[in-house]
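S.K.: model this:
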Amino acid sequence: MTDYVLAIDQGTTSTRAIVFDHSGSVVSSGQEEHEQILPRAGWVEHDPEEIWRNTRDVVALALTRANLNHRNIAAVGITNQRETTVVWDRTTGEPVYNAIVWQDTRTQKIVDALAGSQGRDRYRERTGLPLATYFAGPKARWILDNVDGARERAEAGDLLVGTTDSWLLWNMTGGPDGGVHVTDVTNASRTMLMNIDTLTWNEDIAAEMGIPLSMLPEIRSSAEVYGKGRERGMLPGVPIASILGDQQAATFGQACFEVGTAKNTYGTGNFLLLNTGTEPVMSRNGLITTVGYKIGDAPQTYCLEGSIAVTGSLVQWLRDNLGMISSASEVEALAASVPDNGGAYVVPAFSGLFAPYWRPDARGAVVGLTRFVNRGHIARAVLEATAFQSREVVDAMNADSGVDLTELRVDGGMVANDLLMQFQADMLGVPVVRPAVAETTALGAAYAAGIAVGFWSGQEAVADNWSEDRRWEPGMDPAERDRLYRSWKKAVTRTFDWVDDDVD
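M.R.: Residues are numbered from 1 along each chain as shown. Have a look, this model is predicted:
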């Protein structure tokens, strides 16, 4: 009996496989971390082959822990870290270089050259995106320019390029022996190579970036059968039926189907998406326009997105680099040991600032220090930085959409932190709502795959299954909220203009 759907969640720090039943409940899971390769300041890489090995391992773990096999799985959905870019040989299946991760900033000179006199919005009208190191196109260009022989092999048609969804799908469906080279509209919209209106590759931009069209995957919807699991794999013959970038998957899993609904995912970074309907809305306030999802033949849904590079990874920095805590879960108790931040602010511009500033010249800063400030104040400032950054994005969304947010649905690892969630509600002045099933990213991919094969009837089943776990109401005095936020905005300005031409 095919009573379950399997989701593969290929994230920035780990890969997970989660089995869901028809009610959208988690049945079992497997998870493995992969190495964060940091060759130089600003460079972040992953080993694509390690990710593929881990994917097979976690699928096996999830199935065996639930005493299941491939015959029990109706469909597989894939959700993935977006923008992280892999280039590989179509004949051997070997990557020509490590995956360049979305956080990586090495492509700044490429981005500056492409911007030229036209500025960072050169491609915004066509792609919805500003020119930034964040996106996949410049990463592919860097690999072709810097790996010996890569450009020649690419132009000869020997190399393929894709985000990690394409890398996994190609391997899962046969690799060199008939692997399917496909991506979905949500991931394609993060390359800076896709026309945001027609959902097709833009030949002119690809040529300007020096990326042969023969390398690129076919763009498909977010929910359809792309292929079936390879015969010698863990999932032989099982339909692989959805792909969604992780933040779009979370938006789908949170049932944000109505125009004006929004969710915020608290992970390595924060990503706030607002459903704007079937027409793309261009931002005037530092957000990006992205495809939210496209289910089969139905019209695509667009979102405005505010992408924040460093939130959960700031807690990791507190743990790994400073040694102030031994596990991420300890940060809440340390922050709660003091009643406020003691005047200290941490602005985590480790790789510049994303939305709404898009300032690659910024670098992290700790400001407002006095002799009074202790470890607890720093821990509290670390958590508050996440809420302040999210407030900046919400302000930009309210300005772009013309409609003020009335509540915020949240998910991701940090939403277990009650202190942070309460402070987020206080900073926004609106309720913050956590769903009963916190694994919304994997759940969104599972729902899309299940809809594609008829396991679920449609989006109404997703909405019916969604339920609230907890709600935080704002309780801070508005004058105090304004004072704290004003100080945060001052702290942010202190990070600007740090990087000079001779400073990496």
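S.K.: for the rest of this, base every contact and every neighbour count on C-alpha atoms.
M.R.: OK.
S.K.: what about the stretch 401-504 of the chain, any weak spots by pLDDT?
M.R.: Residues of the stretch 401-504 of the chain meeting the criterion pLDDT under 70: 501-504.
S.K.: and the strands in it?
M.R.: 408-411, 432-435, 468-472 (DSSP state E, counting those that start in this stretch).
S.K.: take the last one, keep the C-alpha atoms, and write them as PDB.
M.R.: Which is strand 468-472. Provided in PDB are the C-alpha atoms of strand 468-472 (Å, rounded to 0.1, in the frame of the first residue of the first chain):
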ATOM      1  CA  GLU A 468      -1.900  26.300  15.000                       C
ATOM      2  CA  ASP A 469       0.300  25.200  17.800                       C
ATOM      3  CA  ARG A 470       1.100  28.400  19.600                       C
ATOM      4  CA  ARG A 471       0.500  32.200  19.200                       C
ATOM      5  CA  TRP A 472       2.600  35.000  20.700                       C
END
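S.K.: which elements pack onto the longest helix seen in the chain?
M.R.: Assignment by DSSP state H gives helix 375-401 as the longest helix of the chain. In terms of contacts (3 or more Cα pairs under 8 Å, 6 or more residues apart in numbering; DSSP states H and E), helix 375-401 is packed against strand 270-277, strand 301-308, helix 312-320, helix 331-335, strand 345-347, helix 418-428.
S.K.: what's the closest non-adjacent residue to Q254?
M.R.: Using Cα to Cα, 6 or more residues apart in numbering and skipping the chain neighbours, the partner closest in space to Q254 is T440 (6.2 Å).
S.K.: list the contacts for that neighbour?
M.R.: By Cα atoms under 8 Å, 6 or more residues apart in numbering, the contact set of T440 is 249-254, 411-412.
S.K.: V347 now?
M.R.: If you count contacts by Cα under 8 Å, 6+ apart, then V347 has 364-366, 385, 491-492, 495 around it.
S.K.: tell me what it is bridged to.
M.R.: As for beta bridges, V347 partners with A365 under DSSP bridges.
S.K.: excluding its backbone neighbours, what's nearest Q81?
M.R.: Closest to Q81 by Cα to Cα, 6+ apart is G11, at 4.8 Å.
S.K.: give me the number of residues near that neighbour?
M.R.: G11: 22 surrounding residues under other Cα atoms under 10 Å.
S.K.: now R486
M.R.: Quick note: R486 (other Cα under 10 Å) scores 11 neighbours.
S.K.: buried residues of stretch 463-482, list them for me.
M.R.: Within stretch 463-482, the residues that count as buried by 16 or more other Cα atoms under 10 Å are 465-466, 471-474, 481.
S.K.: got the angle between the longest helix of the chain and helix 418-428?
M.R.: 40 degrees (axes from the mean of the first three to the mean of the last three Cα atoms, to 10 degrees).
S.K.: which of the three states applies to K263?
M.R.: Here K263 is recorded as strand under DSSP: H, G, I helix; E, B strand; the rest coil.
S.K.: tell me how far the residue nearest to it when sequence neighbours are not counted lies from T261.
M.R.: Leaving out its chain neighbours, the residue that sits closest to K263 by Cα to Cα, 6+ apart is R409, at 4.5 Å. Separation of R409 from T261 (Cα to Cα, to the nearest Å): 8 Å.
S.K.: now the residue nearest to Q81: how far from R106?
M.R.: Distance from G11 to R106, by Cα to Cα: 21 Å.
S.K.: then R65?
M.R.: 41 Å.
S.K.: more neighbours, these two?
M.R.: R106 (20 against 13).
S.K.: hmm, who's touching the host helix or strand of A60?
M.R.: Assigned by DSSP states H and E, A60 belongs to helix 48-65. Outside helix 48-65, the residues within contact range by Cα under 8 Å, 6+ apart are 8, 10, 15-19, 28-34, 69, 86, 95, 98-99, 167-168, 171, 234.
S.K.: please state the offset of stretch 81-90 from the chain centre?
M.R.: 15 Å (Cα atoms, centre = their mean, to the nearest Å).
S.K.: quick one: mean pLDDT over that stretch.
M.R.: Mean pLDDT, stretch 81-90: 96.
S.K.: thinking again about what came up before, ok, and for the longest helix of the chain, which residues are buried?
M.R.: Buried-residue list, helix 375-401, by 16+ other Cα under 10 Å: 376-394, 396-397, 400-401.
S.K.: before we move on, the earlier item: in helices, which of the contacts of T440 appear?
M.R.: Among the contacts of T440, DSSP H puts 249-253 in helices.
S.K.: low pLDDT regions in the stretch 201-350 of the chain?
M.R.: Ranges of the stretch 201-350 of the chain meeting pLDDT under 70: none found.
S.K.: what's the burial count for G269?
M.R.: Quick note: G269 (other Cα under 10 Å) scores 18 neighbours.
S.K.: over to V499?
M.R.: Using other Cα under 10 Å, V499 is surrounded by 14 other residues.
S.K.: surely it meets D361?
M.R.: Yes: using Cα atoms under 8 Å, V499 is in contact with D361, at 4.8 Å.
S.K.: can you list the residues that contact stretch 199-219?
M.R.: 114, 137-138, 140-141, 154-155, 157, 159-162, 166, 181-185, 188-189, 193-195.
S.K.: repeat for stretch 108-128
M.R.: By Cα under 8 Å, 6+ apart, the surrounding residues in contact with stretch 108-128 are 129-133, 138, 142, 189, 192-197, 208-209, 282, 288-290, 360.
S.K.: generate a ChimeraX selection restricted to the buried entries among these.
M.R.: Listed next is the ChimeraX selection for buried residues among those, using 16+ other Cα under 10 Å:
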select :129,130,131,132,133,138,142,189,192,193,194,195,196,197,209,282,288,289,290,360
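S.K.: all strands of the stretch 101-250 of the chain, in order?
M.R.: 159-163, 182-184, 218-220, 223-228, 239-245.
S.K.: make TSV out of these and add mean neighbour count.
M.R.: Below are the strands of the stretch 101-250 of the chain laid out as TSV (neighbours: other Cα atoms under 10 Å):
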stretch	mean neighbour count
strand 159-163	27
strand 182-184	26
strand 218-220	19
strand 223-228	22
strand 239-245	31
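S.K.: of the contacts of T440, which pair is most distant in space?
M.R.: F252 and G412 (13.9 Å; Cα to Cα).
S.K.: ok, those two, which is more surrounded?
M.R.: The neighbour comparison of F252 against G412 (other Cα under 10 Å) goes to F252, with 27 against 20.
S.K.: for that one, give me its contacts.
M.R.: 293, 440, 444-445.
S.K.: most surrounded residue in those residues?
M.R.: The most crowded member of those, judged by other Cα under 10 Å, is A445 (34 neighbours).
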